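Trainee: A structural model of the following input is requested.
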Amino acid sequence: MNVFSTCWNSSRHKDGGAICDEIRELGFESIEASHGLPLSKLPGIIRAVEEKRIRVAGVHNFCPAPMDVEGDVPDAYRFTSHRPEERDRALRLTRETLQVAARLEARYVVLHMGSVELFRGFKGTKELERMARHGLLGTKEYARAKGELVRRRRRLAPIYEERALAALHTLAEEARKLNLVLAVEGRSHLEQVPGEEDFPALLEEFRDDPHVRYWHDFGHIQRKHNLLLLDHGQYLRRMQPFLYGAHINDVQWPARDHRAPGGGDCMDLFGLICRHMRPEMPMSWELSRSVSREAILAAKQIWDARMQEMQAATAPQH
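Mentor: Next up, the predicted model:
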């Protein structure tokens with residue numbers, strides 16, 4: 001199912017209806033209401049839904065954006081924080097997002113779960129990206145830096161993973177009442193949670209609960225692949241039993257994601273989609289505002305052809 005995130009154009013419009021209309025002009029009938037969307041733009045989106053100008057497939061937490069935070073900062077409040085008041089605030093804002101999703105007749109809510117707090121002064125994944133850009137990938141220096149980050153994260157992670165799991169259990173009950181799916185997103189930095197080692201075990205707790213599932217972000221996971229932190233295809237295969245949908249975006253090596261599909265230089269995006277996604281899954285284009293309208297239209301033409309091939313390949317044979 002083709003979906004387009006409002007993160008691409010929400011900052012350019014004062015009215016939510018205009019956001020929807022521009023996305024509809026690109027050839028998309030469904031949107032994902034993204035984090036960073038101001039409360040003032042929700043009435044226009046609600047009108048567009050009521051007038052059947054657009055459908056809302058999903059919502060990305062937090063939506064609307066917290067009024068006490070400047071800019072688009074989806075990780076301003078974390079379920080994993082050491083501060084109980086911040087964890088409580090994250091839960092309250094997420095409950096508001098679930099209510100908004102239900103009001104918009106959405107099916108899912110994408111969640112960021114938080115991060116491991118590394119020791120002060122430790123640069124983490126950003127340092128690995130810097131080394132990759134400077135041609136150090138595969139060197140002993142890079143291997144030492146990566147090994148130290150992996151060991152440090154593994155040592156510190158358990159308490160943060162426990163907090164993320166506790167938040168999911170709390171929110172899952174409300175998601176069931178509203179018939180929404182909590183779509184837990186795979187992230188781009190090793191210090192973010194859940195980590196690849198922990199994700200399957202976390203979701204195993206919800207194996208029989210259809211309201212908690214995995215949300216794959218092709219750009220995020222490819223960035224980790226580029227840094228030799230995982231193998232993209234193997235990881236996606238491992239997460240297949242829990243997979244609900246995905247953010248579609250391409251990557252310019254090593255870490256510039258949110259490019260239009262086909263606009264990257266290091267990922268077999270369509271190959272991964274054809275091997276691991278099903279046509280009925282929500283596939284939400286989450287693109288940087290710097291991507292041009294022309295690039296999106298060109299990518300959409302190729303995308304539609306590839307999706308038709310995918311649907312034909314998965315159609316029942318008579």
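
Trainee: how far does the longest helix along the chain sit from its chain's centre?
Mentor: In the chain, assigned by DSSP state H, the helix with the most residues is helix 140-178. Chain-centre distance of helix 140-178: 16 Å, with C-alpha atoms, centre = their mean, to the nearest Å.

Trainee: from the contact counts, what lies against it?
Mentor: Counting contacts by 3 or more C-beta pairs under 8 Å, 6 or more residues apart in numbering; DSSP states H and E, helix 140-178 packs against helix 84-103, helix 125-133, strand 181-185, helix 199-204, strand 212-217. All C-beta spots, glycine's among them, are computed from the backbone N, C-alpha and C.

Trainee: hmm, 7 Å instead?
Mentor: Judged by 3 or more C-beta pairs under 7 Å, 6 or more residues apart in numbering; DSSP states H and E, helix 140-178 is in contact with helix 84-103, helix 125-133, strand 181-185.

Trainee: and R133, how many neighbours does it have?
Mentor: Using other C-beta atoms under 10 Å, R133 is surrounded by 12 other residues.

Trainee: and it, how close does it get to N226?
Mentor: Separation of R133 from N226 (C-beta to C-beta, to the nearest Å): 10 Å.

Trainee: identify the contacts common to these two.
Mentor: P254 (C-beta atoms under 7 Å, 6 or more residues apart in numbering).

Trainee: and the longest helix of the chain, average pLDDT?
Mentor: For helix 140-178, the mean pLDDT works out to 96.

Trainee: and that helix, what's buried?
Mentor: Applying a neighbour-count criterion of 16 or more other C-beta atoms under 10 Å, the buried positions in helix 140-178 are 142, 145-146, 149, 152-153, 157, 160-161, 163-165, 167-168, 171-172, 174-175.

Trainee: what residue ranges in this protein score low on pLDDT?
Mentor: By pLDDT under 70, the weakly predicted segments of the chain are 119-121, 317-318.

Trainee: now for R259: which residues touch it?
Mentor: Contacts of R259 by C-beta under 7 Å, 6+ apart are 249-252, 291.

Trainee: quick check: it vs I45, distance?
Mentor: With C-beta to C-beta as the criterion, R259 and I45 are 26 Å apart.

Trainee: ok, now how distant is R83 from E117?
Mentor: 11 Å.

Trainee: neighbour count: those two, which is higher?
Mentor: More neighbours surround E117 than the other of R83 and E117, with 15 against 10 (other C-beta under 10 Å).

Trainee: quick one: contacts for K123?
Mentor: Per C-beta under 7 Å, 6+ apart, neighbours of K123: none.

Trainee: swap the cut-off to 10 Å and go again
Mentor: Counting by C-beta atoms under 10 Å, 6 or more residues apart in numbering, K123 touches 129-131, 145, 149.
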